[in-house]
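Asker: Sequence and predicted structure are below.
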Amino acid sequence: MNKLVGVDIGSTSVRAVEVAGVDVKGYALISRIGISPLPQGAVVAGRVRSAKDVSVALVRALRAAGLPRHGFVLGMTSPDLALTTMVMPATVRASEREGSIRAMGRPLGTTFSLEESRIATYLAGTTTTQEGLTMSTIGVAAALEEDVKALQEVCELARCAPRAIDLSAAGLLRSLIRVNAVSGEVGTIVDVGATKTMVATRQGMYMRSLRTTVGAGDEVTRAISAVTRESFEEAEQQKYTMRLTANRAGVAAGYGSDDDAYALSQRRSPVDSAFSGAVDMLVDAIAQSVEADAANFGSMSQRVTLTGGTALLNGFKSRLQQRLGIPVSTGRPWADIERSRRNAAFFKDGKIDPRFLVVLSCATGLALWKERS
């Protein structure tokens, strides 16, 4: 039996986890953990820029966890990903779906052609027509071929052999969400990292839209650094000590006049204004993705679940909730870390450090991957 191992390649580190199993409450038990930092720029917005650096970090993460170099599920994130559904006769076998899709000639992504796509499919449901024909609703995920090849190059350099490459968004969905199998609830997961923001909206347990954009926490750090003239590393540390005010930049509390709003903005220090302004741009981009999904599918998300390091900024959750007008919460993965000497560093005062659980959310969900028909 293959070990349940997931590997998440982020912008700042590679994270590998082994899951020993899932308990009756639905919590995954993380038994082994390996985290290896990445040089800045090695991965940007999910795209591998330096296969050599990433391969070294991958080997180190697996070694730190005491895990083999084969049999893991590797996550993939990229600005060039597309999700859609298609209806096909149930007689079309799983092995025949890709050929049928390519024969249709229908573009799957807006930024890349069908010829440039790597395609994966899964069965999302079945229906019976009035004529008695059984039809299958097929979920289709398409990625840019060169992005998949970049991950394969990393694995070749590391002499690693994953058993599957899965969407990182799907890993987060498995890790953060537990809903009834027939639930029609619409919800959105927002992963705000260092160099990318991923917005995945689901209906029940199936993703219906996915958008990854370049730019996230590092843009906030650079805004602070531009004002303070500090190094990027110093500004990064300062970022997590700052707090966003309850109101967006230039908006006064209550029903004050424009003069009140101006006075409020004048009371902010230049660094506070830079911090708040950069976050507002990020919040607006997230909100626009959520609203675009609602316009396309005719139903608004009922709630947003936040994850990623930048989502932990003081006041970020409240700012996004204010912008969207729907409940926003910080996601805690349905997972626990096994108490052992190996995992001692991930506990604080006898309790699991919640920051590590956030960092490990995606890798945990990837470990729970199961091949679907």
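Answerer: Nice, thanks for sending it over.
Asker: Can you name the residues that contact C160?
Answerer: By C-beta atoms under 8 Å, 6 or more residues apart in numbering, the contact set of C160 is 55, 58-59, 62, 69-70, 72, 154. No exception for glycine: its C-beta is placed from N, CA and C like everyone else's.
Asker: Out of the residues you listed, list just those in helices.
Answerer: Residues of the contacts of C160 located in helices (DSSP state H): 55, 58-59, 62, 154.
Asker: most surrounded residue in those?
Answerer: L58 (27 neighbours; other C-beta atoms under 10 Å).
Asker: Got the confidence number for it?
Answerer: Model confidence at L58, given as pLDDT, is 98.
Asker: So which other helices or strands are in contact with the top helix by length along the chain?
Answerer: Counting by DSSP H, the longest helix found in the chain is helix 270-297. Applying 3 or more C-beta pairs under 8 Å, 6 or more residues apart in numbering; DSSP states H and E, we find helix 270-297 packed against strand 186-192, strand 196-203, strand 206-214, helix 217-228, helix 316-324.
Asker: now what about the one helix or strand K149 maps to, what contacts it?
Answerer: Assigned by DSSP states H and E, K149 falls within helix 145-158. The contact list for helix 145-158 (C-beta under 8 Å, 6+ apart) reads 9, 46-48, 51-52, 54-56, 58-59, 69, 74, 76, 78, 80, 116-118, 160-162, 165.
Asker: hmm, try it at 7 Å
Answerer: With contact meaning C-beta atoms under 7 Å, 6 or more residues apart in numbering, helix 145-158 is reached by 47-48, 51-52, 54-55, 58-59, 69, 74, 76, 78, 80, 116-118, 161-162, 165.
Asker: ok, how many other residues are close to R178?
Answerer: 12.
Asker: Identify each buried residue in the helix holding K149, please.
Answerer: Buried positions in helix 145-158, judged by neighbour count with 16 or more other C-beta atoms under 10 Å: 145, 147, 150-151, 154-155, 157-158.
Asker: For G109, which three-state class applies?
Answerer: Secondary structure, DSSP: H, G, I helix; E, B strand; the rest coil: G109 is coil.
Asker: coming back round to it: I'd like the average pLDDT over the helix holding K149.
Answerer: 96.
Asker: Report the distance from the following helix or strand past it to the chain centre.
Answerer: For helix 145-158, the following helix or strand on the C-terminal side (DSSP H and E) is strand 164-167. Taking C-alpha atoms, centre = their mean, to the nearest Å, one finds strand 164-167 lying 13 Å from the centre of the chain it belongs to.
Asker: In strand 164-167, which residues are buried?
Answerer: Across strand 164-167, burial judged by 16+ other C-beta under 10 Å covers 165-167.
Asker: so who does A124 touch?
Answerer: Residues in contact with A124 (C-beta under 7 Å, 6+ apart) are 85, 137-139, 206.
Asker: Actually, D191.
Answerer: Contact partners of D191, counting by C-beta under 7 Å, 6+ apart, are 172, 198, 307-308.
Asker: can you tell me how far it sits from D349?
Answerer: D191 sits 28 Å away from D349, going by C-beta to C-beta, to the nearest Å.
Asker: Okay, now the unreliable bits of the protein?
Answerer: Within the chain, the ranges that satisfy pLDDT under 70 run 1-2, 181-182, 246-267, 372-373.
Asker: so which pair among the ones in helices among the contacts of C160 is furthest apart in space?
Answerer: Of all pairs drawn from those, the widest gap by C-beta to C-beta lies between L62 and V154 and measures 12.3 Å.
Asker: what comes into contact with the one helix or strand A143 maps to?
Answerer: Assessed by DSSP H and E, A143 sits inside strand 134-144. Strand 134-144 is contacted from outside by 76, 78, 80-90, 97, 101, 108-109, 112, 116-129, 167, 206, using C-beta under 7 Å, 6+ apart.
Asker: Confirm that A82 sits in a strand.
Answerer: Yes. Under three-state DSSP, A82 falls within a strand.
Asker: what's the burial count for it?
Answerer: Using other C-beta under 10 Å, the number of residues around A82 comes to 20.
Asker: In contact with V214, which residues?
Answerer: 45, 79, 195-196.
Asker: okay but A90 is in contact with T126, surely?
Answerer: Yes. Counting by C-beta atoms under 7 Å, A90 does reach T126; the two are 6.1 Å apart.
Asker: Direction included, what does the host helix or strand of G6 pair up with?
Answerer: Following DSSP H and E, the helix or strand that holds G6 is strand 4-9. Paired neighbours of strand 4-9 in the sheet (DSSP bridges): strand 13-22 (antiparallel), strand 73-76 (parallel).
Asker: Quick check: bridge partners of the closest residue to L62 other than its chain neighbours?
Answerer: Using C-beta to C-beta, 6 or more residues apart in numbering and skipping the chain neighbours, the partner closest in space to L62 is A16 (5.3 Å). Beta-bridge pairing of A16 under DSSP bridges involves V7, G34.
Asker: Could you count how many residues lie near A16?
Answerer: Around A16 there are 30 residues (other C-beta under 10 Å).
Asker: And what about the residue lying closest to E230 once chain neighbours are set aside, helix, strand or coil?
Answerer: What sits nearest to E230 in space, not counting adjacent residues and going by C-beta to C-beta, 6+ apart, is Q238, at 7.1 Å. Secondary structure state of Q238, per three-state DSSP, is helix.
Asker: when you give positions from now on, start the count at 875
Answerer: All right, first residue 875 from here; so that's Q1112.
Asker: my read: Q1112 touches I1098, true?
Answerer: Yes. Counting by C-beta under 7 Å, Q1112 touches I1098, with 6.0 Å between them.
Asker: higher neighbour count, the two?
Answerer: I1098 (23 against 16).
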